[in-house]
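> A predicted structure for the sequence below; I have some questions about it.
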Amino acid sequence: SQKIEQNSEALNIQEGKTATLTCNYTNYSPAYLQWYRQDPGRGPVFLLLIRENEKEKRKERLKVTFDTTLKQSLFHITASQPADSATYLCALGSQAGTALIFGKGTTLSVSS
Amino acid sequence: DGGITQSPKYLFRKEGQNVTLSCEQNLNHDAMYWYRQDPGQGLRLIYYSQIVNDFQKGDIAEGYSVSREKKESFPLTVTSAQKNPTAFYLCASSRHGPGETQYFGPGTRLLVL
């Protein structure tokens, strides 16, 4: 069955460092991968989408990579700030139009 | 402001009672979704709809029902058949169909008395 895993439930880093979150998948061939941010008690907010033919995507301090050989996406936040503390979800999508598959999320805590 | 609204923010259900969660969007999106979120479980799809008067079951549809009489509205009913309804319920929409970028509402937290 399809499986999507995010590297750890929690990640703690110091302000100014780069946070790296991992999303791995098995038994799936996604056409694209999305990353969302979720704050406690709120709905997820879309951050970035990367397609299968793209190696890397950037948006301000965010960078996403997508390696279809390793079946893995890395999500980087550079110069992290306490305001970046949240849960980050990855989600896989296919060209067939099937529903997105969400990972369980990684909770990032950035301390000052 | 364009967006998705969910009401109420908190909802209490008594044993054996059906309750309905509201979801409205003014983004003119075709597709709408309902997810359930439990601690440590991530988002699980309950139902989704791509057009009015049509909807599809997701991974955990048992004990839930939906309707899509209007493009902008997709209410979810948690029936008495759902034995463990306590969770955070999220409604989302996307422009055309599944797999696209989704825009989420603020969520409804359902608690059983």
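Sure, I can see it.
> Bridging across strands, which residues link to the closest residue to A:Phe102 other than its chain neighbours?
Of all residues not flanking A:Phe102 in the chain, B:Leu43 sits nearest, at 4.1 Å (CB to CB, 6 or more residues apart in numbering or on different chains). Just so you know, the C-beta spots here come from the backbone N, C-alpha and C atoms, and that holds for glycine as well. Note on B:Leu43: beta-bridge partners by DSSP bridges are B:Gln37.
> since we're on B:Leu43, how many residues are nearby?
Residues near B:Leu43, counting by other CB atoms under 10 Å in any protein chain shown, number 27.
> give the contact list for it.
By CB atoms under 8 Å, 6 or more residues apart in numbering or on different chains, B:Leu43 lies in contact with A:44, A:89, A:102, B:35-37, B:90.
> could you redo the last one with a cut-off of 6 Å?
A:102, B:35, B:37 (CB atoms under 6 Å, 6 or more residues apart in numbering or on different chains).
> same thing with B:Val66?
Contacts of B:Val66 were listed using CB under 6 Å, 6+ apart, and they are B:47, B:55, B:76.
> That one: what's its closest spatial neighbour, skipping adjacent residues?
With CB to CB, 6+ apart as the criterion, B:Val66 has its nearest non-adjacent residue at 4.5 Å, and that residue is B:Tyr47.
> Assess the claim that that neighbour and B:Tyr33 are in contact.
No: B:Tyr47 lies out of contact with B:Tyr33 (CB atoms under 6 Å); the separation is 7.4 Å.
> Of those two, which one has the most company?
Neighbours per residue (other CB under 10 Å) separate B:Tyr47 from B:Tyr33, with B:Tyr33 holding more: 27 against 21.
> quick one: the helix or strand where the more buried one lies to chain centroid distance?
Counting by DSSP states H and E, the element that carries B:Tyr33 is strand B:31-38. Averaged C-alpha coordinates place strand B:31-38 at 5 Å from its chain's average position (CA atoms, centre = their mean, to the nearest Å).
> which residues are in contact with it?
By CB under 6 Å, 6+ apart, strand B:31-38 touches B:43-50, B:74, B:76, B:87-94, B:97.
> for that strand, which positions count as buried?
The neighbour-count check on strand B:31-38 (16 or more other CB atoms under 10 Å in any protein chain shown) flags B:31-37 as buried.
> Same question for stretch B:85-95.
For stretch B:85-95, burial by neighbour count (16+ other CB under 10 Å) applies to B:85, B:87-94.
> Alpha carbons only: can I get the strand holding B:Tyr33 in CSV?
Output of strand B:31-38 as CSV, limited to C-alpha atoms (Å, rounded to 0.1, in the frame of the first residue of the first chain):
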residue,chain,number,x,y,z
ALA,B,31,-13.8,20.6,-5.5
MET,B,32,-14.3,20.4,-1.8
TYR,B,33,-13.0,18.0,0.8
TRP,B,34,-13.5,16.9,4.4
TYR,B,35,-10.6,15.6,6.5
ARG,B,36,-10.3,14.3,10.0
GLN,B,37,-7.2,15.0,12.0
ASP,B,38,-6.3,13.1,15.2
